[in-house]
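> Everything below, folded, please.
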Amino acid sequence: EAYRTDYVAVCADALKAGFHTIIFDAELDDTFRLSCDEIPSTTRLADVNTYVTYYQQDAERIAEMTELDLSIVQPVLTSDQIRSLQSRGKAVVYLSIGEIGLSNTYWYNGEQVLGQVIYDDHNDWFLDQNPNFDSYFADTRIEGWQDFIVEQAGILLDQGYDGLFLDTVDTVDVYPATKPGMIELINLLRTTYPDSALVQNRGINIIPDTGNDVDALMFEVFNTYYNYDDADYTATNTETPGYSDLVDKALNYRLNGGVVLSQDFALPQPQYEDLICYARDRALQHLFVPSYADKFFQDGLFSYPDPCPWPEESGFILALNAPVINLSKGRIQFFDINTTSYLGHDAPVSLSTQESIPQVSSFLGSDTVSPGQSTTLEFHTGTSQAPGEFEYTITATSEASTGETLTQTLTPTVFVHSETIWVTNAGLSNIVAYDEPDTLSNSTIIPARKSGTAIAQPYSVAVAQLGHTWIVENVGNPDATQPAGRILRYAPFDLSEPEATFDTGFNYPLGIAIDSNNTVWIANSGIDWSGTPRGSAPNIVSLPHNAESGAEPTTAFTVDTAYGYPKNLATDGTDNLWITTTYGLVLGYLSPGALSGTPTPNVIISLTGGDANFLDTTNNLTFDTSGNLWVSGTYNSGSQSRIIKITANAWTANGVTTAMNNADVPVVLTNGLHTPWGIDFDASGNLWAVNSTDASDTDTSRGALLRYNASALNSAAVPDKTIVLSSRYTLGLAIARP
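Next comes the predicted model:
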């Protein structure tokens, strides 16, 4: 009778022994029947049957993971990658709650800093150093640490993840006195974020106390591990003192409705076949969800043979080279479909597609490929197609050696976009992209994409007609005596890695612009961050839009320092080149491709003097569709922030300085501005600006993205969108169709 309500003990013993056990009523009449193999989980992760732990950002690996129920990842993914993992399953993000990693990054006072900064400011939160890692154990009993972790959790969840992977819970095994604090911290995370999935890694000794707050327990090294002494993967010693007790606690948690993830370690290589099958079968025997990884969680998804031993029949695997398909209105775009074979499969693979997207047509480069070959998937998107999310299916079939038909289907998410906003963030050393500007709200803080690698002081951004994104990296090597900077080019809708890098011929570049012929113009400022002249005289150089990585730019002309040092660039409707300078001027060079030497600017605009003073610092500039020039900057020694409109052709083009008057500057925007830099217009005529800081202008300040509606672009205009960004020093802005 006791087993009706307390079946855990008998089932635990049975499962550990490998028995398949059914408990019946004493009369054997099915009035009570319970199978120990079928006890359901009841948490938010109850449906998880497949999962992976992967700590890198490779797009191909992410694409493979989209078929899983759960992905455990580091906080480096783009919004597109997160959404792709959520097309079927859930994505939870890593958060260490029992240690501070000195070289890891954290949010602190509105900025991203290294853990070393946290440790230096609050060393009373921490105990001894972890001798195995560059980290310190945290005293989870301290309220300040608990508040800090809850704040970090909220920032990560705001990026779109489904939940948190709580690592270093086993600090309680090193410092048992901290157990109450760890239990309290996990409970605080549950109550603060009631709808988020929580996965506890190790710390199994406290799972009886935390089991009601977490949705899954990871049993790392349940079956196998990497032995650093032998440099090899091997089986866990199940006779180690205390191991059996950990198994009992984990199994009891599972039998009471929890989910247990068995995290083992091996490589999908023949010498580890027996080890992998042992790990899988033993995990399933305990009702745990199996998965294995390499020792650093960096090689992606490893599959199990099903059933063990490894499959005897050959087959193929279909993969798409993008986690999601992003399409831009009016463009032709290409993606790769790859096939690989295993166990010698050599039968042709037939491909077909099924679409339901108005005004979007797709074409396969080939509808039949051999295993190991790839083909292209070409999309043509109409100019009037409304943005949105759509369904798309790719089906592949091939004949097995047994004569049966093998079928694989990919169902990537397809997004059609109109415009995208790019913002360069010199404070965080990254680039972010926001799709569909009209849909952004004042609460929007999650970019659709962000750069996957750090970029040293990105100052400016420009987008080519074909959708490629170009970035000015002002300082290529901050530790060098004279860092020169770099220019980076990214593929459309992809900020994970640059497709081309240009690192010679640059001298502290600041500005970039692309003309209608797809010539890329770059302003070498010739001065470092302190204003000290460096290297050669400031000049303007150019690159073709399709230049190969490493190509050197062509020097167009030198800028006379009598006008200041060049900052930012823009081109007008006839491909003339316009420059802001450190002396608060705007210079115009007509037909820049024909210039050489040190030419006198055709146009020299002074914004101080005349019958009015407008700007004494000019930061950035752009043109509207009517040819009016808009300039951002500050006035009165930086105390006033402004964006001004200069009426088209209010200047002279004879090389003589033109001082602007009130009649020439009909609009002076001041509302909502705090040291504005990047400015640009969207397709609807709305003016967007990016603030470098906020009203306080302190170390904790954050920049903002602003929109001034086209219907009210007058001097009294107030932004109708104000989106607070992640940190200060947000400088570059571009709006275009990728």
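
> Where do the helices of the stretch 201-350 of the chain begin and end?
Secondary structure of the stretch 201-350 of the chain (DSSP state H, counting those that start in this stretch): helices located at 207-210, 243-255, 273-285.

> Looking at these, spot the one closest to Val668.
Val668 lies closest, by C-beta to C-beta, to one member of the helices of the stretch 201-350 of the chain: helix 207-210, at 58.6 Å. Every C-beta, even on glycine, is put in place using the N, C-alpha and C of the backbone.

> Report all helices and strands that the closest one contacts.
Applying 3 or more C-beta pairs under 8 Å, 6 or more residues apart in numbering; DSSP states H and E, we find helix 207-210 packed against helix 179-192, helix 243-255.

> from the chain's centre, how far out does the last one sit?
Spelled out, that is helix 243-255. 37 Å (C-alpha atoms, centre = their mean, to the nearest Å).

> Also stretch 147-158?
17 Å.

> same check, this time on stretch 255-264
On C-alpha atoms, centre = their mean, the centre of stretch 255-264 falls 29 Å from that of its chain.

> would you put the C-alpha positions of it in PDB?
C-alpha atoms of stretch 255-264 as PDB (Å, rounded to 0.1, in the frame of the first residue of the first chain):
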ATOM      1  CA  LEU A 255      11.200  10.400  -9.700                       C
ATOM      2  CA  ASN A 256       9.500  13.300  -7.900                       C
ATOM      3  CA  GLY A 257       8.800  15.100 -11.300                       C
ATOM      4  CA  GLY A 258      12.100  16.800 -12.100                       C
ATOM      5  CA  VAL A 259      14.300  16.500 -15.200                       C
ATOM      6  CA  VAL A 260      17.900  15.300 -14.900                       C
ATOM      7  CA  LEU A 261      20.300  16.000 -17.700                       C
ATOM      8  CA  SER A 262      23.200  13.600 -18.000                       C
ATOM      9  CA  GLN A 263      26.200  15.600 -19.200                       C
ATOM     10  CA  ASP A 264      29.000  13.300 -20.300                       C
END
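
> ok so, going back, could the helices and strands packed on helix 207-210 be laid out in a markdown table, adding mean neighbour count, distance to Pro599 and mean pLDDT?
As requested, the helices and strands packed on helix 207-210 are exported to a markdown table (neighbours: other C-beta atoms under 10 Å; distance: least, C-beta to C-beta, whole Å; pLDDT from 0 to 100):
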| stretch | mean neighbour count | distance to Pro599 | mean pLDDT |
| --- | --- | --- | --- |
| helix 179-192 | 19 | 62 | 97 |
| helix 243-255 | 18 | 75 | 94 |
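
> need the ones you listed in a markdown table with distance to Thr469, can you?
Formatted as a markdown table, the helices and strands packed on helix 207-210 follow (distance: least, C-beta to C-beta, whole Å):
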| stretch | distance to Thr469 |
| --- | --- |
| helix 179-192 | 37 |
| helix 243-255 | 47 |
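
> Looking at those, which is nearest to Ile644?
Taking these one by one with C-beta to C-beta, helix 179-192 is closest: 45.7 Å.

> other SSEs contacting the closest one?
helix 143-157, strand 163-167, helix 171-174, strand 197-201, helix 207-210.

> just for the stretch 401-550 of the chain, where's the confidence low?
Residue ranges of the stretch 401-550 of the chain with pLDDT under 70: 444-445, 476-483.

> all strands for the stretch 601-738 of the chain, in order.
603-606, 617-623, 629-635, 640-646, 657-659, 667-669, 676-681, 687-691, 704-708, 721-724, 730-736 (DSSP state E, counting those that start in this stretch).

> Any idea which of the helices and strands packed on helix 207-210 gets closest to Thr617?
helix 179-192 (43.4 Å).

> excluding its backbone neighbours, what's nearest Phe623?
In space, not counting the residues next to it along the chain, Phe623 is nearest to Asp572; the distance is 5.0 Å by C-beta to C-beta, 6 or more residues apart in numbering.

> Equivalent analysis for Pro458, please.
Thr424 (3.9 Å).

> How about Gly344?
With C-beta to C-beta, 6+ apart, the residue lying closest to Gly344 is Ser314, at 5.3 Å.

> wouldn't the one you found be in contact with Glu399 here?
No: counting by C-beta atoms under 8 Å, Ser314 does not reach Glu399; the two are 10.6 Å apart.

> Would you mind telling me which of those two has more residues around it?
Ser314 (18 against 14; other C-beta atoms under 10 Å).

> and that one, how far is that from Ile394?
Between Ser314 and Ile394 the computed distance is 21 Å (C-beta to C-beta, to the nearest Å).

> same deal with Ser370?
17 Å.
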